[in-house]
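[1] sequence first, then the predicted structure:
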Number of protein chains: 2
Amino acid sequence: MVGVRTAARVIGHSRRFRRDKSMADGTPTRGRRGGGGAARRAERTSTKIDHARFITRNIPNYEILTEEALAIIEANADVVLEEIGVAFPENEEALALWRDAGAKVDGDRVHIPKGLARKLCQTAPGSFTQIARNPERNVEIGGRNLVLAPVYGPPFVRDADGRRYATMADFEKFVKLGHMSKWLHHSGGTVCEPTDVPVNKRHYDMLLAHMTLTDKPFMGSVTEPSRARDSVEMCDILFDEGDGKGLNGRTALVSLININSPLTFDSIMMGALDVYAKANQACIISPFIVGGAMAPVSVMGTLTQVLAEVMAGVAFSQLVNPGAPVIFGAFVTSIDMNSGAPTFGTPEAAQITYGAGQLARRMGLPFRSAGSFNGSKLPDAQAAYETANSLNVGLLSGVNFMLHACGWLEGGLVADFEKFVMDADQLGALQKLAAGIQIDEEAQAMDALREVGPGGHFLGCAHTQANFKAAFWKSDLLDYKPFETWVDEGCRDTRTLASARVNKLLGDYVEPALDQAKRAALLAYVAEKKASMPDAFM
Amino acid sequence: MVGVRTAARVIGHSRRFRRDKSMADGTPTRGRRGGGGAARRAERTSTKIDHARFITRNIPNYEILTEEALAIIEANADVVLEEIGVAFPENEEALALWRDAGAKVDGDRVHIPKGLARKLCQTAPGSFTQIARNPERNVEIGGRNLVLAPVYGPPFVRDADGRRYATMADFEKFVKLGHMSKWLHHSGGTVCEPTDVPVNKRHYDMLLAHMTLTDKPFMGSVTEPSRARDSVEMCDILFDEGDGKGLNGRTALVSLININSPLTFDSIMMGALDVYAKANQACIISPFIVGGAMAPVSVMGTLTQVLAEVMAGVAFSQLVNPGAPVIFGAFVTSIDMNSGAPTFGTPEAAQITYGAGQLARRMGLPFRSAGSFNGSKLPDAQAAYETANSLNVGLLSGVNFMLHACGWLEGGLVADFEKFVMDADQLGALQKLAAGIQIDEEAQAMDALREVGPGGHFLGCAHTQANFKAAFWKSDLLDYKPFETWVDEGCRDTRTLASARVNKLLGDYVEPALDQAKRAALLAYVAEKKASMPDAFM
């Protein structure tokens, strides 16, 4: 075969290249160091933590729905809000806000006149900055940007030793891995549930971990309104600029407000939203949908419900505080109608995610969807197929904030250490794809084509020498070695390589410096709060 | 977490559903059997081989390049053809054709005046039918269709027992697996190299396998012009309609003509193209590019070269026989600049494939690219990430003929049995995604939203009952069972499930009926040909 022969030739030819990994790794935010040989040697041997900034897309979004379909969904969503309405149970304050805004309230059901919800949504910003304690890690959420955050919520973890309930020690390891993961822009929130810490005190330890072990941005607690307040107060300490004003209106938290689909807004979640919106902290307003169960079995029906729910939730956030930053969320999976199990990385989820992105853009809101979703029990081929399907959809659907971008396993029941680094590596490929295609004269490479001509090869030509370092995305994990080398090294599969990478990253981890007074103040705050309440495990 | 709790609830609820797999599997081409209970029971218990027709996309293509970029590439490709030219070494006949058409021939170099190649390409059809011996398996190549064919060319195979040189017995097993794979529309060509058969006689055995073990369409030999003639002659026997006219102009073969990139047209491949074009058989004119080696390290440079090469090759096919069916091919991978190994499923390959699809559509030609590409040694997570990346790109780039759609491993050195069925299963997801989004009243599901209302669930509502069977793509392989069941069943990973599926499909395999006189004539043809030549192993 021409293919195999040629490939073998390439491998031979390109061995001539000197090894130089310094720039081929991507686009680190740190400037390149000085040009001397000593500096380059130091660069190769020192532990260097590269961090990519958020991704700015330079490629088009994928528009799966026609204008006709979009108009139908928008009209139907208005019908849903007016005729069927949404429920705000056990929440007199919310019902009063709705009543004052012109909605018809019947029991806990809110009927929103056509056009009202969309009008209320107009005060929400199209884009906002979430600050990090290291300003270089600030992220811009909205527009053409994509911010990647890790898995959220699993009660279990899995590593090379198997599956077990998650602990605070696991949580801290994940935060450290996230800090060391170049393509992850965000430290996330509940990367796993630390089940060894009382439920009512977990958020303190989780926030402390995000605040001290990394300098990337993070998420706040939503499991009680009081825990949302605690989250904001801890940020007031961390982000105070020496003037005692704390956050002073800056947005330092993005938190996940799930809607109890269909069409129901849980009072606890709405309480947390209330706290965050009033403090100008951002919330993802996110329908949580397993298709066929929490929404109709059709794409159009599901999108109608998603839009109605998001419009009601975002409108409510703007009733609480006009201008509060919010994100149009859509957590959508399909279902295996034989077993009832949720399924991930499926074509229906892809169609819905593409459509939801279009609806979010038409509302002018940042969009959250997709992730390293899969239903597999192991970080195996099923996990990778399903994850890659969802990550690719996330990129092309225009997602601005991708929660669960790495580490998700077993339908979200498990945060997996190996898969965390496997997925995090793939996120680099998304970044490169999103960077788009250079079309200038250098990129057109006509000189290279002239220099090489028919039958030659490009490995040594001037254009290749000048451009090869940045030309191709390079995995930090996957195996490209010849078969014989791979056998000599023990026939390692991706999991084995990932397990080694987990240990390497944790071994190389260095805690980012934090002002000692702030650290002490945070510890004192948490100690005092914890002492003020008995442990609760439910 | 709301997510986990809700998912658990869904699993409970949906257990109420009766199991019924008869229609949830997709869109079989056979009509549904009669409505009686006995018929339905028979349907569930008999071995039924479903075959999907080729995919017709009802979703948009992804257009990554701007009009400006496309115009630059087209102008630059014309410059390449005129100024640099293409080489047709050791091929006086081809050089004469080019000279007569108005090109400037200098040694074996052909300089094609601007616009000439594109003009010559205009006689190539935008779409054509490849017939199969079962007319239900005919495929339409071009337009909005996607035809999926298996891996092509590997000298090795891998199964649960490991990696070894491929034999004719392996080849036949792959053809049987392809026949049994619902989402595979095409039997392919050299699904693996039967290394136990002399090189000069392999094509007879391979063609016999495709002609007798399946009734799907297949590919012809390209390794010698004489073998292309043999392929056509065997088709004349197989497809004769009783009038002794053989194929009589119908297209029954699609064959892979690789260009020796950069810009060189191998005389053996061109000899095979000559045979096929004169017989109105289809050829894929395919640059074979490992980026940075056989093309510049930039996307624009690679696309310029791809377009120049395809235009020259297609133009040549039309000089041989105006109107001969051809496909715009682009086999493009990136390279690991450290090891020189080709890399697959990468962002650069994605960008080039999307762009090549746009260029093919602007030429009005069917497009071939993408596949189950990966560089992994095992059907593990690396293999699946890289494969899923490429399959998704293939779908959205508008590929019309996807060779290597399943079974590829280790950079194409290995055809893997387990990965064959793993990939083949994922192809069903492509089919469902490509089917697009229904937007009629039933799909809008407003009645379901009204029936269920806030806080309910959709599992039992009328709309779900009426639509759930076709609502969600269903894997025939992947595991969605609860964790405890999965443990009870032995903690099987995807490879283990795939290995069992390989054995199941081969066990269920039934050879499709073939006219005995044709079978005898084919066997006699092959016996006579084989007896006429000594064995050759190089």
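    That came through, no problem. Numbering: from 1, shown residues only, chains lettered A, B, ... in the order given.

[2] hmm, the longest helix along chain A touching chain B?
    For chain A, the longest helix by residue count, based on DSSP state H, is helix A:299-320. Yes: with CB under 8 Å from any CB of the partner chain as the criterion, chain B is reached by helix A:299-320 at A:299-301, A:304-305. C-beta: built from backbone N, CA, C; applies to glycine.

[3] rounded mean pLDDT for that helix, please.
    For helix A:299-320, the mean pLDDT works out to 98.

[4] quick one: buried residues of that helix?
    A:299-320 (16 or more other CB atoms under 10 Å in any protein chain shown).

[5] helix or strand next in line after it, which one?
    strand A:326-335 (DSSP states H and E).

[6] pairing partners for that following strand, with directions?
    Applying DSSP bridges to the sheet, strand A:326-335 is found paired with strand A:282-290 (parallel), strand A:342-343 (antiparallel), strand A:367-369 (parallel).

[7] can I get the ones you listed in a markdown table with mean pLDDT and mean neighbour count?
    A markdown table is the format used below for the strands paired with strand A:326-335 (pLDDT from 0 to 100; neighbours: other CB atoms under 10 Å in any protein chain shown):
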| stretch | mean pLDDT | mean neighbour count |
| --- | --- | --- |
| strand A:282-290 | 96 | 27 |
| strand A:342-343 | 94 | 26 |
| strand A:367-369 | 98 | 30 |
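
[8] how much space between A:Ala517 and chain B?
    35 Å (CB to the nearest CB, to the nearest Å).

[9] host element of that residue?
    helix A:516-531.

[10] got the contact list for that helix?
    With CB atoms under 8 Å, 6 or more residues apart in numbering or on different chains as the contact definition, helix A:516-531 has outside contacts at A:201, A:204-205, A:208, A:211-212, A:230, A:233-234, A:237-238, A:240.

[11] count the neighbours of A:Glu93 for me.
    Neighbourhood size, A:Glu93 [other CB atoms under 10 Å in any protein chain shown]: 13.

[12] just say helix, strand or coil for it.
    Under DSSP: H, G, I helix; E, B strand; the rest coil, A:Glu93 falls in the helix class.

[13] give me the distance between the longest helix of chain A and the centre of its chain.
    Here helix A:299-320 is found 21 Å from its chain centre; the criterion is CA atoms, centre = their mean, to the nearest Å.

[14] what's the answer for stretch A:396-415, then?
    For stretch A:396-415, the distance to the chain centre is 6 Å (CA atoms, centre = their mean).

[15] and the end-to-end length of it?
    End-to-end distance of stretch A:396-415: 25 Å, with CA to CA, to the nearest Å as the criterion.

[16] pLDDT of that stretch, averaged?
    98.

[17] again with stretch A:353-366
    98.

[18] please apply the same query to stretch A:219-234.
    98.

[19] nearest residue to A:Thr214 other than its sequence neighbours?
    Residue nearest to A:Thr214 in three dimensions, not counting chain neighbours: A:His179, with 3.8 Å by CB to CB, 6 or more residues apart in numbering or on different chains.

[20] contacts for the strand or helix carrying that neighbour next, please.
    Assigned by DSSP H and E, A:His179 belongs to helix A:168-180. With CB under 8 Å, 6+ apart as the contact definition, helix A:168-180 has outside contacts at A:49, A:150, A:157, A:184, A:186-188, A:191-192, A:194, A:196-197, A:205-206, A:209-210, A:213-216, A:407, A:415, A:417, A:420-421, A:424, A:502, A:505-506, A:508-509, A:512.

[21] looking at these, which are in strands?
    A:157, A:415 (DSSP state E).

[22] next, give phi and psi for A:Glu193.
    When read as degrees, to the nearest 10, the backbone of A:Glu193 gives phi -80, psi 110.

[23] same thing with A:Thr264?
    Dihedral angles (degrees, to the nearest 10) for A:Thr264: phi -120, psi 130.

[24] what's near enough to touch it?
    Here A:Thr264 is in contact with A:86-87, A:89, B:454-455 (criterion: CB under 8 Å, 6+ apart).

[25] for A:Ser475, same thing?
    Per CB under 8 Å, 6+ apart, neighbours of A:Ser475: A:425, A:428-429, B:343.

[26] what's the helix or strand for it?
    Per DSSP H and E, there is no helix or strand for A:Ser475.

[27] where does it fall, phi/psi-wise?
    Dihedral angles (degrees, to the nearest 10) for A:Ser475: phi -70, psi 140.

[28] now swap in A:Leu116 and tell me
    According to degrees, to the nearest 10, A:Leu116 has phi -70, psi -50.

[29] now do it against chain B, distance only.
    A:Leu116 is 18 Å from chain B, by CB to the nearest CB.

[30] of the contacts of A:Ser475, which belong to helices?
    Using DSSP H, the contacts of A:Ser475 in helices are A:425, A:428-429.

[31] for those residues, which one is nearest B:Ala101?
    Among these, A:Ala429 lies closest to B:Ala101 (CB to CB), at 43.1 Å.

[32] that closest one against A:Asp476, yeah?
    No: using CB atoms under 8 Å, A:Ala429 is not in contact with A:Asp476, being 11.2 Å away.

[33] which of these two has more neighbours?
    Applying other CB under 10 Å to A:Ala429 and A:Asp476 shows that A:Ala429 carries more neighbours, namely 25 against 19.

[34] got a list of what the more buried one touches?
    With CB under 8 Å, 6+ apart, A:Ala429 has these contacts: A:473, A:475, B:345-347, B:389.

[35] looking at the residues you listed, which are in strands?
    Among those, no member falls in strands (DSSP E).

[36] distance to A:Arg109 and pLDDT added to those residues, as a markdown table?
    As requested, the contacts of A:Ala429 are exported to a markdown table (distance: CB to CB, whole Å; pLDDT from 0 to 100):
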| residue | distance to A:Arg109 | pLDDT |
| --- | --- | --- |
| A:Trp473 | 51 | 94 |
| A:Ser475 | 52 | 96 |
| B:Gly345 | 49 | 96 |
| B:Thr346 | 52 | 97 |
| B:Pro347 | 48 | 97 |
| B:Asn389 | 46 | 98 |
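
[37] nearest to A:Gly292, of the ones in helices among the contacts of A:Ser475?
    A:Ala429 (31.8 Å).

[38] from memory A:Asn280 sits against A:Ala324, does it?
    Yes: in terms of CB under 8 Å, A:Asn280 counts as a neighbour of A:Ala324; the distance is 6.0 Å.

[39] tell me which of these two has more neighbours.
    Using other CB under 10 Å as the criterion, A:Asn280 and A:Ala324 rank with A:Ala324 on top: 25 against 19.

[40] my read: that one touches A:Ala315, true?
    No: applying CB under 8 Å, one finds A:Ala324 not in contact with A:Ala315, separated by 11.4 Å.

[41] got a list of what A:Leu449 touches?
    If you count contacts by CB under 8 Å, 6+ apart, then A:Leu449 has B:80, B:84, B:262, B:296, B:301, B:304-305 around it.

[42] restrict those residues to those near chain A?
    B:80, B:84, B:262, B:296, B:301, B:304-305.

[43] I'd like these laid out as TSV, including distance to A:Trp98.
    Supplementary listing: the ones next to chain A among the contacts of A:Leu449 in TSV, determined by distance: CB to CB, whole Å:
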residue	distance to A:Trp98
B:Val80	65
B:Ile84	70
B:Pro262	67
B:Pro296	60
B:Gly301	59
B:Thr304	59
B:Gln305	62
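
[44] pLDDT weak spots in chain A?
    Applying pLDDT under 70 to chain A flags residues A:1-49.

[45] repeat that for 90
    Low-confidence segments of chain A, defined by pLDDT under 90: A:1-54, A:336-340, A:469-470, A:537-538.

[46] got the residues of the stretch 51-200 of chain A near chain B?
    So far as CB under 8 Å from any CB goes, the stretch 51-200 of chain A lies against chain B at A:59-60, A:62-66, A:68-69, A:72, A:76, A:79-80, A:83-87, A:89, A:109, A:153-155, A:163, A:190, A:193.

[47] coming back round to it: among the strands paired with strand A:326-335, which is nearest B:Val332?
    Per CB to CB, nearest to B:Val332 of those: strand A:367-369, 29.6 Å.

[48] gap between the helix holding A:Ala517 and the chain center?
    29 Å.
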